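Asker: The sequence and its predicted three-dimensional model are supplied below.
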Amino acid sequence: YHNGDNFPNHIAILRTLWQNANAMGAGIKDTSFRTIVLGSLPRSWDSIVSTLYRTTSSPQLVCSNQNCRQSGHTIEDCYWPGGGKQGQFPPNFGRQ
């Protein structure tokens, strides 16, 4: 990923690669995938990434959206396709 690129598209590509790798038996867990995503971001994102590592989410909440499945929010608050806030990413989401 490079600053200014389409961030949701970048994530979609990574998700597809993750799913394909797991379909071939790679066994990449969700936590490892998150590390891969964060590692794909440029150095200009370091302050955001370090904040994410320090921030606690609500692990008891798991999004039921098939396009997301992340913890910390519900489908009603999900920005990904199929979520209650589909496409309503916050300003500057994915951009520095």
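Answerer: That came through, no problem.
Asker: Quickly list the domain ranges of the protein.
Answerer: Listed domain ranges for the chain are 1-55, 57-89 (source: automatic domain parsing).
Asker: Please identify the most buried of these.
Answerer: domain 57-89 (a mean of 15; mean count of other C-beta atoms under 10 Å). Yep, even glycine has a C-beta here, placed from its N, CA and C like the rest.
Asker: Confidence-wise, which of the domains of the chain is weakest overall?
Answerer: Here the lowest mean pLDDT among these goes to domain 57-89, at a mean of 84.
Asker: so how far is that one off the chain centroid?
Answerer: Domain 57-89 sits 10 Å away from the centroid of its parent chain (C-alpha atoms, centre = their mean, to the nearest Å).
Asker: Give the full set of residues in contact with Leu14.
Answerer: Phe33, Ile36, Val37, Ser40 (C-beta atoms under 8 Å, 6 or more residues apart in numbering).
Asker: Look up how far Ala23 lies from the closest residue to the last one other than its chain neighbours.
Answerer: In this case it means Ser40. Nearest in space to Ser40, with sequence neighbours left out and distances taken as C-beta to C-beta, 6 or more residues apart in numbering, is Tyr1 at 5.3 Å. Between Tyr1 and Ala23 the distance is 23 Å, computed by C-beta to C-beta, to the nearest Å.
Asker: for Ser71, phi and psi?
Answerer: Backbone geometry at Ser71, expressed as degrees, to the nearest 10, gives phi -90, psi 160.
Asker: repeat for the one 4 residues further on
Answerer: The main-chain torsion angles of Ile75 are listed as degrees, to the nearest 10 and equal phi -60, psi -30.
Asker: State the distance from it to Leu14.
Answerer: For Ile75, the distance to Leu14 (C-beta to C-beta) stands at 21 Å.
Asker: Need the nearest residue in space to the spatially most central residue of the chain, chain neighbours excluded.
Answerer: Centroid-nearest residue in the chain, with C-alpha atoms, centre = their mean: Ile11, separated by 6.3 Å. Closest residue in space to Ile11, ignoring its immediate chain neighbours: Val37 at 6.8 Å, by C-beta to C-beta, 6+ apart.
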